[in-house]
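K.L.:
Predicted model and sequence follow; I will ask about them next.
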Amino acid sequence: QKEVEQDPGPLSVPEGAIVSLNCTYSNSAFQYFMWYRQYSRKGPELLMYTYSSGNKEDGRFTAQVDKSSKYISLFIRDSQPSDSATYLCAMSRGGGNKLTFGTGTQLKVEL
Amino acid sequence: EPEVTQTPSHQVTQMGQEVILRCVPISNHLYFYWYRQILGQKVEFLVSFYNNEISEKSEIFDDQFSVERPDGSNFTLKIRSTKLEDSAMYFCASSERQGSHNEQFFGPGTRLTVL
């Protein structure tokens, strides 16, 4: 079983749709959970950061962590064509520890 | 807004040659990292660096790799004898470790092509 699993997509949605992106993981030691956005051949850009379980909202983005199910989600409301990118989940055991990434989900928001 | 910078953006080298990839982390950050991403694959951890020493490294980070913080601002990754399979995007990242803060901020990457 992979440490972090993420559906690679591609996921295609119409503009204005609500997008749900998900990752599952197997290592119960993970405490920090992040979502990054990556455009083609660019560096990952940090979108959301969550410590332990719970929800966090930032504008159109909501991150959810359910440690009991080892499942994390990123919701994008009112999706825009500029949201078209690859979304990477990442997680770590603690401060200063390495990030373990999912494979990324490719999202396309169409006009 | 502070950001991580990397140079060069693209490096082409011959197999067997040494390369040095350079990074300037965010100035008040304490932890520094190198990751790589082979085309079409996931981002993989190489090494983390804290307090002037390696704190963690992956199986990929073998004797051909080394890291250094030669001064107060730069952080470098050296590959001594490059192989074809070292061709990838190499990302530097940094984080400030205060309490629960562990956000890692990534640079734009260096694309390494080994011929």
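P.N.:
Yep, that arrived. Residues are numbered from 1 along each chain as shown, chains lettered A, B, ... in the order given.

K.L.:
mind listing what A:Q6 touches?
P.N.:
By CB atoms under 8 Å, 6 or more residues apart in numbering or on different chains, the contact list for A:Q6 reads A:21-23, A:88-89, A:102-105. Heads up, the C-betas are built off the backbone N, CA and C, glycines and all.

K.L.:
and with 7 Å instead?
P.N.:
A:23, A:89, A:102-105 (CB atoms under 7 Å, 6 or more residues apart in numbering or on different chains).

K.L.:
what's the burial count for the spatially closest residue to it that is not a sequence neighbour?
P.N.:
Nearest in space to A:Q6, with sequence neighbours left out and distances taken as CB to CB, 6 or more residues apart in numbering or on different chains, is A:G102 at 3.0 Å. Neighbour count for A:G102, taken as other CB atoms under 10 Å in any protein chain shown: 27.

K.L.:
Could you do A:K42 as well?
P.N.:
Neighbours of A:K42 (other CB under 10 Å): 15.

K.L.:
Where does it sit, in terms of helix or strand?
P.N.:
Following DSSP states H and E, there is no helix or strand that holds A:K42.

K.L.:
on that earlier part again, turn the contacts of A:Q6 into TSV, columns for distance to A:K56.
P.N.:
TSV is the format used below for these (distance: CB to CB, whole Å):
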residue	distance to A:K56
A:C23	15
A:C89	14
A:G102	18
A:T103	23
A:G104	20
A:T105	19
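
K.L.:
Poorly predicted segments of chain B, please.
P.N.:
Scanning chain B for pLDDT under 70 picks out the ranges B:98-101.

K.L.:
A:G16: neighbour count?
P.N.:
10.

K.L.:
mind listing what residue 10 touches?
P.N.:
As the question left the chain open, I've gone with chain A. Contacts for A:P10 (CB under 7 Å, 6+ apart) come out as A:106, A:108.

K.L.:
that's the other chain; I wanted chain B
P.N.:
Contact analysis of B:H10 by CB under 7 Å, 6+ apart lists B:R111.
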